[in-house]
Each structure stands twice: as C-alpha cells, then as structure tokens.
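>>> Fold the stuff below for me.
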Amino acid sequence: MTRPTGPRIVIAPDAFKGCLSSVAVSAALAAGLARALPDARIVRRPLADGGEGTLAALAAAERGVERSRGVVGPQFEALRAGWWSPDPGPDGAPRPAVVEMARASGLSVTRHRRPTTATTFGTGQLIEAAAARHDTVWIACGGSATCDGGAGALRALGFELLDAAGRPIEPGGAALAKLARITPPDAPITARLIVLCDVRNPLTGPDGAAAIYGPQKGATAGDIRALDAGLDRFAAVCADTFGRDPRDLPGAGAAGGLPAGLWAALGAEPTPGFAALADRIGLDAHLDDCDLVVTGEGRFDGQTGQGKTISGVVERAAARGLPVWAFAGAVTPEAEAWCPPRVVPWPVADGPRSLDDSVADAWRLIERAAWRAGRSLAARIA
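Sure, this is the predicted structure:
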C-alpha cells in the first residue's frame, strides 16, 4: 500500500532577536513538526528583514562562502568580520555579495554604548572587500551601534572629511558638526551598491536617526541634539558636494544614517529588505507548492503588521489562500487583534517562567510548541 503523503510545509521565520537566529528558529520548528508529522514534506527558508541575520539566511539558501577580514569596530575595536561571497546562480548569472553592517558596526560586536563617537569605518572596509570581488554588493542595514550617517564607511572607501582648516574631523556623528568639505578618492569603487532596509525614517528631525534610534544605542538628550546637528551638517555638505541631499531620502535614518552617506556619495540604491531577500531565496516558488506556512519572531505585537518580516510572509501567503502558523516568544492582545484570517498565533511558552529562562531554553520551547501544533493538525487529518 502506498504511504499517504503528508502536508507540504514551508518554514520561513525571522530571528527571535537576542535569542536565536532565523536559521536556528527554522531548525527548531522543523524538528518539532517532523516529530508530530513524520510524513510532512518540510522546506526551510529562514528570513530576515534585510538587516541583522540577512547573511545567515542567504547562506542557508544558496551556495557560496563566507569570507572575512580584519576591520575596525564601532569603538575602534580590532574585529574580524565576515561577508557573503555567493556562487553564481543556476543560470550562471552572478549573484550580489552581501555585507551585513551589524557584523562590523553593530551593537552586538561592542561592549560600549557611545553613539557620538561610534564609526561605520568597519562597514566600509567590508564593502571595499566585497566590491573587489563582485560587481554588485548588498548592504544589510540594522543592528547598528552608530549614528554617523555612513561617514566612517566613506572614510574607509577613500573619502576625506575635512573641517574648515582642511584637517580631518574626528570619527563619529557628533564631530560631523565641524564638517566643511568632503573630498572623493581618485578612484572610488565602481560596484553597484544596494542598501537593504525596510525602515522609512528620515535622516534628521524628530523621527530621524538620532531621535528615534539614538536612545537604544546609549544616547542622552544632549547626545541626540549633537548627533542630529551633525547629521544635518553632513547632509548639507553631501548636497553641496554630490548634488544629492540625503535629508530628502526616505529611509536615510536607518542604521544610524548609513544609507544617507552611501546614497549621496556613491549612488547606493535603497530597496526594501524583506522583499529582496524573499525574492532571492525563491520564497514565492515554495509557497506556490505548499499547504501550510510556518513563520515566527520573538515578539508578536502591535508592530508586527507594520512592515515586520512576519507581515511580509502573511501577505504572500494570503495571496495564495494559505494558512499561516505564527510562533512567537510572546503574543500580545494587539497582535491577536491584527491577525488576518487564516493566521494562527502560537506562543512558544509552556508555562510561567522568567525571560532569562525562556531565552536559555528557547530552542527546546520552540521545538515543543511546533510539536504541539503539529499534533493538533495530525489529529484533524487522521
């Protein structure tokens, strides 16, 4: 007798931030579902929003090698940071390299929270390494410890940032208030740069890089004023030098303003991160051939439907009439109210426990939650 074919399941989660990468989350979900549904055909496609975790998600979906080089960290630490060098696609066409700024300039690679002096120099060093091997480079924004508008990255790529006396200004966003002139290198990189970001914040002002994201990087009220003034000056000099004013660019405030400098000085192209990654890993083709979509994130809340990774997965699943299971460390009433039809939120907690305990036991909790969900489906289709 032919054994019945189980459901076709696509697992496409985001990371549980500060806990597990999307690759680890997808592995835990797959383990629990496979235990409950041994006949299921499971495809794992871990995701990211074009920020931290993008490199790992791509490495799980395509062939290539993670290369590394020594870089300068956000507070001038000596670091070794990786970037993704992919093999050509099945059609032989080259794929873009991927630089993840968090690897070189992120909060996760420094013990310090000093945004006024933090630099993106290391991100520029990674871009330089990737551009030497590839014609197109993706820069994944997010998780930054910086607020320098990408000025440090430009310095690493050969640009000089000078004060009125012709002296190099100090690193960091606050020192940009002294900026008088930017001198481009004789031979700037020629690779096409694509900046991945789903954030739409402007560079300056009450919704800008310093005001909105500065506090999580350690900025005081005084620091925010100094950083905002520095970014405003940086934008004005960019406009005079390159003819492009990053204060007019939606999303220029992402990742401490990194898109601002790269766009103004090098013509980097901003693009929505989730969509670019989902398209590159072939998410739609897998959704076209599945019965159930499984996604997840650390906290399923009122922000989930406002451009986060889960909302992108839900939108693509809804276009195909597919049910979605959304696993999360916490599910708030606001998230439950937002849930579109056919989306079922699954909290992974198995009872009262502290945040530290939940984080330490996250893989097992996710695996068991997926097993419980899988058992409920198995009972219905038995």
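>>> what's the burial count for the closest residue in space to residue 217 that isn't next to it in sequence?
In this structure, residue 217 finds its nearest non-sequential neighbour in residue 115, 4.2 Å apart by Cβ to Cβ, 6 or more residues apart in numbering. C-beta: built from backbone N, CA, C; applies to glycine. Counted with other Cβ atoms under 10 Å, residues neighbouring residue 115 total 31.
>>> for residue 203, same thing?
By other Cβ under 10 Å, the burial measure for residue 203, its neighbour count, is 31.
>>> Ok, residue 288 next?
Applying other Cβ under 10 Å, I find that residue 288 has 11 neighbouring residues.
>>> if we look at the strand or helix carrying residue 24, which residues are touching it?
Assigned by DSSP states H and E, residue 24 belongs to helix 22-36. Under the criterion Cβ atoms under 8 Å, 6 or more residues apart in numbering, residues 9, 11-16, 20, 40, 42, 44-48, 53, 56-57, 60, 294, 296, 327, 362-364, 366-375, 377-378 lie in contact with helix 22-36.
>>> For residue 122, give me its contacts.
Residue 122 is in contact with 71-74, 79, 81, 104-105, 152, 156, counting by Cβ under 8 Å, 6+ apart.
>>> And the strands in this protein?
According to DSSP state E, the chain carries its strands in the segments 8-11, 41-44, 64-72, 78-86, 97-100, 136-140, 160-162, 181-183, 192-196, 269-271, 292-300, 324-331, 343-347.
>>> among the ones you listed, which is nearest residue 206?
strand 269-271 (21.2 Å; Cβ to Cβ).
>>> The closest one: partners in the sheet, and parallel or antiparallel?
strand 192-196 (parallel) (DSSP bridges).
>>> Using PDB, write out the CA atom coordinates for the partner strand.
The C-alpha trace of strand 192-196 is given here as PDB (Å, rounded to 0.1, in the frame of the first residue of the first chain):
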ATOM      1  CA  ARG A 192      26.700  48.800  -7.700                       C
ATOM      2  CA  LEU A 193      25.600  49.200  -4.100                       C
ATOM      3  CA  ILE A 194      22.100  48.200  -3.000                       C
ATOM      4  CA  VAL A 195      21.100  49.200   0.600                       C
ATOM      5  CA  LEU A 196      18.600  46.800   2.100                       C
END
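>>> How far off centre is that strand?
Averaged C-alpha coordinates place strand 192-196 at 13 Å from its chain's average position (Cα atoms, centre = their mean, to the nearest Å).
>>> swap in stretch 30-48?
24 Å.
>>> just stretch 87-98 next, same as before
Remark: stretch 87-98 is offset 21 Å from the chain centroid, using Cα atoms, centre = their mean.
>>> which of the residues in that stretch are buried?
Neighbour-count burial for stretch 87-98, counted by 16 or more other Cβ atoms under 10 Å, picks out 95-98.
>>> farthest-separated two in these?
Maximum distance among the buried residues of stretch 87-98 (Cβ to Cβ): 8.9 Å, for 95 and 98.
>>> what is in contact with the two at once?
Common contact partners of residue 95 and residue 98 (Cβ under 8 Å, 6+ apart): residue 86.
>>> picking that back up, among the contacts of helix 22-36, which lie within helices?
Secondary structure defined by DSSP state H assigns 56-57, 362-364, 366-375, 377-378 of the contacts of helix 22-36 to helices.
>>> Of those, grab the buried ones for PyMOL.
Of the ones in helices among the contacts of helix 22-36, the buried ones can be selected in PyMOL as follows, counting by 16+ other Cβ under 10 Å:
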select buried, resi 56+57+362+363+366+367+368+369+370+371+373+374+377+378
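>>> show me where the stretch 151-300 of the chain has helices.
151-156, 209-213, 221-242, 258-266, 273-280, 283-287 (DSSP state H, counting those that start in this stretch).
>>> pLDDT of the second one, averaged?
When pLDDT is averaged over helix 209-213, the result is 94.
>>> Then the longest one?
Mean pLDDT, computed over helix 221-242, is 97.
>>> Same check on the last one?
Averaged across helix 283-287, the pLDDT comes to 94.
>>> Which residues belonging to that helix are considered buried?
By 16+ other Cβ under 10 Å, the buried positions in helix 283-287 come out as 283, 286-287.
>>> okay, the residues you listed in CSV with distance to residue 336 next?
Below are the buried residues of helix 283-287 laid out as CSV (distance: Cβ to Cβ, whole Å):
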residue, distance to residue 336
283, 25
286, 27
287, 24
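>>> Can you give me the pLDDT of residue 354?
69.
>>> Enumerate every residue touching residue 252.
201-203, 209, 246, 259-260, 263.
>>> Centre of the chain to stretch 134-152, how far?
11 Å.
>>> Also stretch 317-328?
22 Å.
>>> what residues does that stretch touch?
So stretch 317-328 is in contact with 13, 25, 29, 287-288, 290-300, 310, 313-314, 335, 339-348, 366, 369-370, 373, going by Cβ under 8 Å, 6+ apart.
>>> Just the pLDDT for residue 280.
93.
>>> Just to check, it is in contact with residue 58?
Yes. The pair residue 280 / residue 58 is scored as a contact, 6.9 Å apart, by Cβ atoms under 8 Å.
>>> Counting neighbours, go ahead and name the busier of these two.
Between residue 280 and residue 58, residue 58 has the larger neighbour count (other Cβ under 10 Å), namely 24 against 19.
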